[in-house]
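Student: Pasting the sequence and the predicted coordinates here, then a few questions.
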Amino acid sequence: MKKGMDMLILLCAILLLSIPCPRSYAFELKGFGSVTFTKSTDGAEEFRHGDFAVGAVDLFLAESLEDIEVLSEIALENGVIDVERFTIGYTFSDALRVRAGRFHTPLGLWNITYHHGAQIQPTIDRPEFLKFEDDGGILPTHVVGVYLSGRASTGVGTVEYGAALGNGPKITSEKGVNILSPNNIEDNNIGKGLAFNAALSPELVHGLKVSMSGHIAEIKDDGSVIDADNADGDNKPATGADTVQVDQTILNMSLMYSIADIDFTGEYFSIKDKDAAATNLGSFTNKAYYGLIRYTWKDKWVPYFLLEHQSVKENDPYLISLGKNFDSTESILGLRYNINYRSCVKGEARSVKQGSDNWMEYAVQWALAF
Amino acid sequence: MNNMVKWGLGIGILVLLLWGNAYATAREIAIISSKDYPSNTITADKVKEVYLGEKMSEGSVKIKPMEHNDEAIKKKFIENVLGTSIDRYKAYWIKKFFQEGITPPTNKVSSSELIHAVSQTSGGIGYVWADEVKGDTGFKVLLRVEVGD
């Protein structure tokens, strides 16, 4: 059944992409693709042998049909077909745009700036804590619901805002691993997920953008999660006290600044999980941040450095269920070469610390917008 | 007498050169719009916002920007009005299109096609060489920008 549905989605995507565009744009864009080689030293099982990986093949369509806007992004990754984004929208004015469907949660800058396209992303991978739900991320990066957004020029600068209401996420188990899920077709709790963001690009400081955002939701497991850290080793769903139910509040502050050919981006997240299950373990506030600095030389060469860190409470039931209840720090030194505006090669050396483990990773990626 | 002829020729050549240079540097791009566009003028900054997908409406009219397919005028427009390079402009639109689903300006193959499309499209806006807009009343000229030779 699942395979049949996957094939149907894929066929629809190919059909949509093969329809000649009635208008001619300055360029054609149908999607993104990438190939990555990663080799790690001590510590991680992953990449120890030096692994080639085909990244998500991302098929993209955006069109305005008689003023109704449609956006579709379908990714083929690890043999699975996912509808990453699908929205129907209408723009009333610059100050009010309405979209409904599945979209990226307006939480932080990275999540609404780089999406799934490796070619437009500054680094090879997203920061660890910002990874997508099905890739082990701890933040609700997708939401299914409605989204209002807009922008306005004011005396102090350009103001942008967004507000989304959608299904609250759930924790589920896929292939024996607990992951966060955006609840694509139903909501397994009463409380809806609410997200908001506001950003200001002040007139006084050209190139600066500051923003704040947040996400509030009730998160429950769907009864299929493997208990905590699978301490009993039975790989079976949790029961009783292992049930996960938290009231979660995420707050974010972000800053983006470009001067000459130097770009700096920094984001800070506070993730507060209040245990709402019978266990009533109390509240846990976790922190995560990253800072990225880039220098663009002659539009071609972009050396960069990224530092990311997450500091968590190890007894937080939400993070325990996702298997992420440990501190981690990663430093990445990278170099990007833009072959042209559609394609780039990135190389990175990464120093990774997760809990008490340390290791190095080396990675090269060739990314393309086609 | 010979000297006077030489001086005369020299001055004449100089005047021609200066005039030619002045003519060459005076070439302008005209930003044109459909008649229903709510404003009769536009600033270069607003043109930039329109072509970067930041400004999508004026009053109740949705703006539909159009692009010139001719590389010469397109290059002048992107470099002089938008203040960027063609490659950066394309890279910008790949990001914008992908991030927000906002469609980039549509391409028109010639000035006459662009003028016709702008005239016939509500909220249409485009750019052509200023000397190509004489005598046509199906559109408005919102701005003229000097772009060099």
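Tutor: Arrived safely, thanks for sending.

Student: any idea where the strands of chain B begin and end?
Tutor: B:28-34, B:57-58, B:61-62, B:64-68, B:106-108, B:124-129, B:139-146 (DSSP state E).

Student: In TSV: those strands, plus distance to residue A:101 and mean neighbour count.
Tutor: C-beta here means a position set from N, CA and C on the backbone, and glycine is covered the same way. What follows is those, written out as TSV (distance: least, CB to CB, whole Å; neighbours: other CB atoms under 10 Å in any protein chain shown):
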stretch	distance to residue A:101	mean neighbour count
strand B:28-34	31	23
strand B:57-58	22	18
strand B:61-62	21	17
strand B:64-68	24	23
strand B:106-108	25	19
strand B:124-129	29	25
strand B:139-146	36	17
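
Student: so can I have CSV of the ones you listed showing mean pLDDT?
Tutor: Formatted as CSV, these follow (pLDDT from 0 to 100):
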stretch, mean pLDDT
strand B:28-34, 94
strand B:57-58, 90
strand B:61-62, 90
strand B:64-68, 92
strand B:106-108, 89
strand B:124-129, 94
strand B:139-146, 92
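
Student: Make sure residue A:359 is actually in contact with residue A:349.
Tutor: No - the pair residue A:359 / residue A:349 is not scored as a contact, 11.7 Å apart, by CB atoms under 8 Å.

Student: Looking at the two, which one has more neighbours?
Tutor: Taking other CB atoms under 10 Å in any protein chain shown, residue A:359 and residue A:349 do not tie; residue A:359 has more neighbours (17 against 13).

Student: Neighbours of the residue in chain B positioned nearest to chain A, how many?
Tutor: For chain B, the residue closest to chain A is residue B:101, as judged by CB to the nearest CB, at 3.6 Å. Neighbourhood size, residue B:101 [other CB under 10 Å]: 23.

Student: What of the one 3 residues further on?
Tutor: Using other CB under 10 Å, residue B:104 has 23 neighbouring residues.

Student: So for stretch A:323-333, what gets flagged as buried?
Tutor: By neighbour count with 16 or more other CB atoms under 10 Å in any protein chain shown, stretch A:323-333 contains the buried residues A:323-325, A:327-328, A:330, A:332.

Student: Output it in CSV with nothing but the alpha carbons.
Tutor: Extracted in CSV, the C-alpha atoms of stretch A:323-333 (Å, rounded to 0.1, in the frame of the first residue of the first chain):
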residue,chain,number,x,y,z
GLY,A,323,17.7,9.4,21.8
LYS,A,324,19.2,12.9,21.9
ASN,A,325,19.6,13.5,25.6
PHE,A,326,23.3,14.3,25.5
ASP,A,327,25.4,17.5,24.9
SER,A,328,27.1,17.9,21.6
THR,A,329,29.4,20.3,19.9
GLU,A,330,30.6,20.4,16.3
SER,A,331,33.1,22.7,14.6
ILE,A,332,33.2,22.7,10.8
LEU,A,333,35.8,24.3,8.7
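
Student: Give the rounded mean pLDDT of it.
Tutor: In this model, stretch A:323-333 has a mean pLDDT of 94.

Student: give me the element the residue lying closest to residue A:199 once chain neighbours are set aside is part of.
Tutor: Of all residues not flanking residue A:199 in the chain, residue A:211 sits nearest, at 3.5 Å (CB to CB, 6 or more residues apart in numbering or on different chains). Assessed by DSSP states H and E, residue A:211 sits inside strand A:208-221.

Student: So residue A:106 sits against residue A:213, correct?
Tutor: Yes - counting by CB under 8 Å, residue A:106 touches residue A:213, with 6.0 Å between them.

Student: what residues are shared contacts of these two?
Tutor: Common neighbours of residue A:106 and residue A:213 (criterion: CB atoms under 8 Å, 6 or more residues apart in numbering or on different chains): A:162, A:195-197.

Student: Next up, phi/psi of the residue of chain A most remote from its centre, please.
Tutor: Distance to the chain centre peaks in chain A at residue A:155, reaching 32.8 Å (criterion: CA atoms, centre = their mean). Residue A:155 adopts backbone torsions of phi -60, psi -30, taken as degrees, to the nearest 10.

Student: what about the spatially closest residue to residue A:149 that is not a sequence neighbour, neighbour count?
Tutor: Computed as CB to CB, 6+ apart, the closest residue to residue A:149 that is not its neighbour in sequence is residue A:162, at 4.1 Å. Applying other CB under 10 Å, we find 23 residues neighbouring residue A:162.

Student: Check for me that residue A:162 belongs to a strand.
Tutor: Yes - judged by DSSP: H, G, I helix; E, B strand; the rest coil, residue A:162 forms part of a strand.

Student: what's downstream of the lowest-mean-pLDDT helix or strand in chain A, the next helix or strand?
Tutor: Using mean pLDDT, DSSP states H and E, helix A:2-18 stands out as the lowest-scoring helix or strand of chain A, at a mean of 54. Sequence-wise, the next helix or strand downstream of helix A:2-18 (DSSP H and E) is strand A:31-40.

Student: Quick one: distance of that following strand to the chain centre.
Tutor: Taking CA atoms, centre = their mean, to the nearest Å, one finds strand A:31-40 lying 17 Å from the centre of the chain it belongs to.

Student: Near chain B, which residues of chain A are found?
Tutor: By CB under 8 Å from any CB of the partner chain, the residues of chain A that approach chain B are A:23-27, A:29, A:32, A:60, A:62-64, A:67, A:69-71, A:87, A:89, A:91, A:93-94, A:112-115, A:117, A:119-120, A:151, A:158, A:299, A:340-342, A:369.
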